[in-house]
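Asker: Build me a model from this:
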Amino acid sequence: MSQSTPIIILMATYNGERYIRQQLDSICSQTLKNWTLIIRDDGSSDDTVNIIRQYCENDPRIRLICNESDKHGAYLNFWTLIDHAKKNIKFDYCFFSDQDDIWIQDKLEAMVGFAKKFDQTKPLMIYSDMTLIDGEDNITLKSVDSEMGIGSMSGLTEYYSSGFIWGCAAMVNYKLMETVPVFPLDDPQISIMSHDNYYAKFCLAHGEIHYLNKPYIKHRRHSSNVTSGNSIKLTPLMAVKRLLFGYKKTAKTHAGGYTQTLLTINMMKRSNLMTRETAEVERAIKKGGFYGVRMLSKHKVKRKQFFRTVGIYTIMLLKSYKKYMTER
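Answerer: Numbering: from 1, shown residues only. From the prediction side, this is the model:
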């Protein structure tokens, strides 16, 4: 290890000049000061890199890596950053940061303080509630938990519906990062492999996940960011419209989630980290139908929004996702 720091913050950037100052200012203003921020830029064509370099000059805790290869992509950028951190830095806790959010001033202090209550010899993930804002900083939803129930993760629901943990609202301890292998950087499936639910699934199998019931970030959702297409609210009318007019799209969404789960389970196999329950999840997704539904029930799969739960069970029963899967 070339360096040691109690807290690392990993940020992947790309053409983020509009909002990145606000995010960097919110990190620099944290009440907990002993951290290192490592930023990896994926070839921005705007002023993002120049802005980051200005911050680097004024604050030695901030470091920039520029991707000079011909391989690009949001998930690849983050995984490459994670791989770099694991190989070069000794740390206690790792936070993930989007380039366009705003962190509440005591985010680091509150989450690290909470994490210290638990056994650090075991893999640990902590995540919090979020407030949503739009491109003009207007609050569009004060609490994601109030709408989606992200703080009530039932059973193994995260394996079937990755709707609880956002990387931007999460932190992991060193033991989790040490235990879990980085997703292979040369795997073509990395373009769909998000790091947050990958670590969450490993941690569900081999560690502990705990929730802080307070929004510690203002998460920005606008047309340019990766999560902008993910629906938060789901009214009965919206659910009916999805059933009548958007069923194919919903099935594809589930297929994408199941593909990520199978890729994660494949990595568990390669690392000798399979469990009885993860083997059951794999069989449920591959078989579907009545067997899959039985496993959903056994694994206590449930979302706060009733229609989301119905959708999970219906698509599993009808095997609607199967023809859209890229991992079987």
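Asker: what about the host helix or strand of residue 280, average pLDDT?
Answerer: For residue 280, the enclosing helix or strand under DSSP states H and E is helix 276-287. Taken as a whole, helix 276-287 carries a mean pLDDT of 98.
Asker: Over to stretch 178-188?
Answerer: 97.
Asker: next one: stretch 255-269
Answerer: Per-residue scores along stretch 255-269 average to 97.
Asker: in the chain, which spans are helices?
Answerer: In the chain, the helices defined using DSSP state H lie at 20-28, 48-58, 74-88, 107-115, 144-148, 157-160, 174-179, 195-206, 236-245, 247-270, 276-287, 289-298, 306-318.
Asker: tell me what the helix holding residue 280 is packed against?
Answerer: In terms of contacts (3 or more C-beta pairs under 8 Å, 6 or more residues apart in numbering; DSSP states H and E), helix 276-287 is packed against helix 157-160, helix 195-206, helix 247-270, helix 289-298. Quick note: C-beta positions are derived from backbone N, CA and C, even for glycine.
Asker: Distance to residue 75 and mean neighbour count for these - can I get that in TSV?
Answerer: Listed next are the helices and strands packed on helix 276-287 as TSV, based on distance: least, C-beta to C-beta, whole Å; neighbours: other C-beta atoms under 10 Å:
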stretch	distance to residue 75	mean neighbour count
helix 157-160	18	24
helix 195-206	7	23
helix 247-270	10	19
helix 289-298	27	16
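Asker: Just tell me which of those helices ends up closest to residue 81.
Answerer: For the helices and strands packed on helix 276-287, distance to residue 81 was read as C-beta to C-beta. The smallest value, 9.3 Å, belongs to helix 195-206.
Asker: For the closest one, which outside residues touch it?
Answerer: 75, 78-79, 82, 96, 122-125, 156, 158-159, 162, 164-167, 170, 172, 176, 179-180, 183, 209, 260-261, 264-265, 267-268, 273, 275, 277-278 (C-beta atoms under 8 Å, 6 or more residues apart in numbering).
Asker: Filter those residues down to the buried ones, ChimeraX style.
Answerer: This is the ChimeraX syntax for the buried subset of the contacts of helix 195-206, where burial follows 16 or more other C-beta atoms under 10 Å:
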select :75,78,79,82,96,123,124,125,156,158,159,162,164,165,166,167,170,172,176,179,180,183,209,260,261,264,265,267,268,273,277,278
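Asker: Relative to residue 43, which of the helices and strands packed on helix 276-287 is closest?
Answerer: Per C-beta to C-beta, nearest to residue 43 of the helices and strands packed on helix 276-287: helix 195-206, 19.5 Å.
Asker: now the closest one: mean pLDDT?
Answerer: For helix 195-206, mean pLDDT is 97.
Asker: ok and that helix relative to helix 276-287, angle-wise?
Answerer: Counting by axes from the mean of the first three to the mean of the last three C-alpha atoms, to 10 degrees, helix 195-206 lies at 130 degrees to helix 276-287.
Asker: quick one: helix 195-206 to chain centroid distance?
Answerer: For helix 195-206, the separation from the chain centroid amounts to 9 Å (computed by C-alpha atoms, centre = their mean, to the nearest Å).
Asker: before we move on, the earlier item: need the helices of the chain in TSV with distance to residue 37, can you?
Answerer: Formatted as TSV, the helices of the chain follow (distance: least, C-beta to C-beta, whole Å):
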stretch	distance to residue 37
helix 20-28	6
helix 48-58	9
helix 74-88	11
helix 107-115	11
helix 144-148	24
helix 157-160	28
helix 174-179	17
helix 195-206	17
helix 236-245	38
helix 247-270	27
helix 276-287	33
helix 289-298	40
helix 306-318	35
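Asker: Show me the one of those helices that comes nearest residue 214.
Answerer: helix 107-115 (7.4 Å).
Asker: Compare the helices of the chain and give me the one nearest residue 5.
Answerer: Evaluated over the helices of the chain, closeness to residue 5 peaks at helix 74-88, with 10.1 Å, by C-beta to C-beta.
Asker: Give me the helices and strands touching that closest one, please.
Answerer: Judged by 3+ C-beta pairs under 8 Å, 6+ apart, helix 74-88 is in contact with strand 3-13, strand 36-41, strand 89-97, helix 174-179, helix 195-206.
Asker: Can I get the helix holding residue 280 as CSV, trimmed to CA atoms?
Answerer: What follows is helix 276-287, C-alpha atoms only, in CSV (Å, rounded to 0.1, in the frame of the first residue of the first chain):
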residue,chain,number,x,y,z
ARG,A,276,-27.0,-21.9,0.3
GLU,A,277,-29.2,-18.8,-0.1
THR,A,278,-27.3,-17.4,-3.0
ALA,A,279,-27.5,-20.8,-4.7
GLU,A,280,-31.3,-20.7,-4.2
VAL,A,281,-31.4,-17.2,-5.8
GLU,A,282,-29.5,-18.4,-8.8
ARG,A,283,-31.8,-21.3,-9.3
ALA,A,284,-34.9,-19.1,-8.9
ILE,A,285,-33.8,-16.7,-11.5
LYS,A,286,-32.7,-19.4,-14.0
LYS,A,287,-35.9,-21.5,-13.6
